[in-house]
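J.: coordinates only, no sequence provided:
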């Protein structure tokens, strides 16, 4: 038998009204109660008004994008631009859901599959556990991950470890032997992918193959901001055997390194070479050498993959890995 909202309310020990609010306005429900209701929904495989929801999806023609901190990081803006351009002539409306806390992420991943009038969903730079991925599959919401991967879902991704290796090989080939690293990842416990950490892993492995070790600041990175990177770079550049090159975990961090070099009266790349990662919009404008991962292209390809899944559900588990390349400009 099909479960009803009454069954969910009974299993969770709450009123029907509370279940309704948990589905339609989860931010208004106490976190503990919300989790209990979400667990009941999963256990009972509850789908509210399945036929009406399916009809609404066909009528509204909406594609959702779930992204963390998208207003604060250039990489998200560029990916969204690629998504928007690919949807421009399709008749689909783009709906963006911003995630800035783990609670937001959990709430959206619980409710979007069963309540939002979406034909498909793009998830940018978030890790999903098995239960969250299976919920999307079971509720038949076509989903593509961007800069993330799960074996149950389609994905457009890059190899961040290989990108870090590429950065190290490039700087070593330029003759550098004292090479620093400036890192830091977005803070979203349980959901942050940790791209800077992955790039550092590849960077270190490549240096070790050359008998080298990275030069690191005297304190651990905390966040992914240009000010955080400036502080790290100042520490690096004031060490007695300071590096002659610095690899930054992303282009935003590279901005902080460039500011630190300017404050200390160092020339770039004469005194210190700087290499970023991402190829953000501003990188070409300021002449930043960087590892490009084709941000806009990832958004366009994800949309194309999602639209193909809508036309043919059998294409629901494809994965595409985009190539990386060094863009040599003025800073390295």
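T.: Structure received. The model shown is predicted, which means the values in this text are computed figures rather than measured ones.
J.: the helix or strand of the chain with the lowest mean pLDDT: what's the following helix or strand?
T.: Lowest mean confidence among the helices and strands of the chain (mean pLDDT, DSSP states H and E): helix 50-60, at a mean of 51. Next helix or strand after helix 50-60 toward the C-terminus (DSSP states H and E): strand 62-68.
J.: helices or strands next to that next one in the packing?
T.: When contacts are defined as 3 or more CB pairs under 8 Å, 6 or more residues apart in numbering; DSSP states H and E, strand 62-68 packs onto helix 74-87, strand 93-99, helix 102-115, strand 120-124. For every residue, glycine as well, the C-beta is placed using N, CA and C.
J.: as JSON lines, these with mean pLDDT, distance to residue 213 and mean neighbour count would be great.
T.: Compiled in JSON lines, the helices and strands packed on strand 62-68 are given as follows (pLDDT from 0 to 100; distance: least, CB to CB, whole Å; neighbours: other CB atoms under 10 Å):
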{"stretch": "helix 74-87", "mean pLDDT": "89", "distance to residue 213": "29", "mean neighbour count": "20"}
{"stretch": "strand 93-99", "mean pLDDT": "89", "distance to residue 213": "36", "mean neighbour count": "17"}
{"stretch": "helix 102-115", "mean pLDDT": "82", "distance to residue 213": "34", "mean neighbour count": "20"}
{"stretch": "strand 120-124", "mean pLDDT": "94", "distance to residue 213": "34", "mean neighbour count": "26"}
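J.: quick one: closest of these to residue 234.
T.: Shortest separation from residue 234 across the helices and strands packed on strand 62-68 is recorded for helix 74-87, at 22.9 Å, computed as CB to CB.
J.: list the buried ones in the helix ranked longest in the chain?
T.: If each helix of the chain is counted by residues according to DSSP state H, the longest one is helix 295-311. By 16 or more other CB atoms under 10 Å, the buried positions in helix 295-311 come out as 295-303, 305-310.
J.: after it comes which helix or strand?
T.: Next helix or strand after helix 295-311 toward the C-terminus (DSSP H and E): strand 319-321.
J.: for the following helix or strand past that next one, which strands pair with it and how are they oriented?
T.: Remark: after strand 319-321, the chain's next helix or strand is strand 325-327, criterion DSSP H and E. The strands beside strand 325-327 in its sheet (DSSP bridges) come out as strand 289-292 (antiparallel).
J.: what are the buried residues along stretch 319-332?
T.: 322, 324, 326, 329, 331, 332.
J.: do stretch 163-182 as well
T.: Buried residues in stretch 163-182 (16+ other CB under 10 Å): 163-172, 174, 176, 178-182.
J.: can you get me the start-to-end distance on it?
T.: Length of stretch 163-182, first residue to last, CA to CA, to the nearest Å: 15 Å.
J.: tell me what angle the longest helix of the chain forms with strand 62-68.
T.: 140 degrees (axes from the mean of the first three to the mean of the last three CA atoms, to 10 degrees).
J.: how far away is the nearest residue to residue 327 once chain neighbours are set aside from residue 134?
T.: Once flanking residues are discounted, residue 327 sits nearest to residue 292: 5.0 Å by CB to CB, 6 or more residues apart in numbering. Separation of residue 292 from residue 134 (CB to CB, to the nearest Å) stands at 34 Å.
J.: ok, back up a step: now, the most widely separated pair of the buried residues of stretch 319-332?
T.: 322 and 331, at 23.4 Å, using CB to CB across the buried residues of stretch 319-332.
J.: okay, the most centrally placed residue in the chain: pLDDT?
T.: By CA atoms, centre = their mean, the chain has its centre lying nearest to residue 125, at 1.6 Å. You'll see residue 125 listed with a pLDDT of 89.
J.: distance of it from residue 20?
T.: Taken as CB to CB, the span from residue 125 to residue 20 is 31 Å.
J.: show me the contact partners of the longest helix of the chain.
T.: 63, 75, 78-87, 90, 119-120, 122, 142-144, 146-147, 154, 156, 158, 278-280, 315-316, 318, 320, 322 (CB atoms under 8 Å, 6 or more residues apart in numbering).
J.: just stretch 191-204 next, same as before
T.: Contacts to stretch 191-204, defined as CB under 8 Å, 6+ apart, come from residues 68, 99, 102, 105, 125-127, 147-148, 160-168, 181, 183-186, 213-214, 221, 224, 247, 249-250, 253, 277.
J.: rewinding a little: okay, residue 292 and residue 134: which has more neighbours?
T.: Counted by other CB atoms under 10 Å, residue 292 and residue 134 do not tie: residue 292 has more neighbours, with 21 against 15.
J.: for the more buried one, give its distance to residue 279.
T.: 4 Å.
J.: mutual contacts of those two, please.
T.: Shared contacts of residue 292 and residue 279 (CB under 8 Å, 6+ apart): residue 327.
J.: quick revisit: strands - which of the buried residues of stretch 163-182 land there?
T.: 179, 180, 181, 182 (DSSP state E).
J.: residues contacting the first one?
T.: With contact set as CB under 8 Å, 6+ apart, residue 179 has these partners: 168, 171, 172, 207, 212, 214, 215, 243, 244, 245, 246, 247.
J.: residue 326 against residue 173, yeah?
T.: No - between residue 326 and residue 173 there is no contact under CB atoms under 8 Å: 9.9 Å.
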